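Trainee: kindly generate the corresponding structure for this input.
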Amino acid sequence: MLLFGREQGTVSKEKNEILFTRFQINYNEIDERFRKGSVLVREEIVTEPPSAATELTLSNGENATPVVDRVLPNKKEKKKRDVKPKTKVVVLHCDIIKDQFWDDRPSILGG
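Mentor: This next block holds a predicted model:
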């Protein structure tokens, strides 16, 4: 929202007052996406590896744990392990100035 230059040189409290007196808008009641803006971040998709020993229920109702033979990985499987984890782009509406955003995402700064 533009205030046509009146907001230049004012502090947040004064800008909030201008919004309220001219437009009857309470800044604190505006949805966070309009106050803070939108941030796109890439987050890792967490997938759990299948369990090696999964309990099975037999037809007679008894529980059984299958025996899993350990097979040495071939070259293709080794390459799959070296692949970067899957990620997705997420839209956030939050305050990126405060430490909480950066503490929750240390990988953004390379940490």
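
Trainee: read off the pLDDT value for Val41.
Mentor: The predicted structure scores Val41 at 91 on the pLDDT scale.

Trainee: show me the helices in this protein, by range?
Mentor: 12-23, 32-36, 75-81, 99-104 (DSSP state H).

Trainee: wait, which of those helices is closest to Val91?
Mentor: With distances scored as Cβ to Cβ, the stretch of these nearest to Val91 is helix 32-36 (8.7 Å). Yep, even glycine has a C-beta here, placed from its N, CA and C like the rest.

Trainee: do a quick rundown of the strands in the protein.
Mentor: Per DSSP state E, the chain has strands spanning 39-44, 56-57, 63-64, 87-92. These are given in chain order.

Trainee: give me whichever of these is most buried.
Mentor: Each of these was assessed for mean neighbour count using mean count of other Cβ atoms under 10 Å. The highest is strand 39-44, with a mean of 12.
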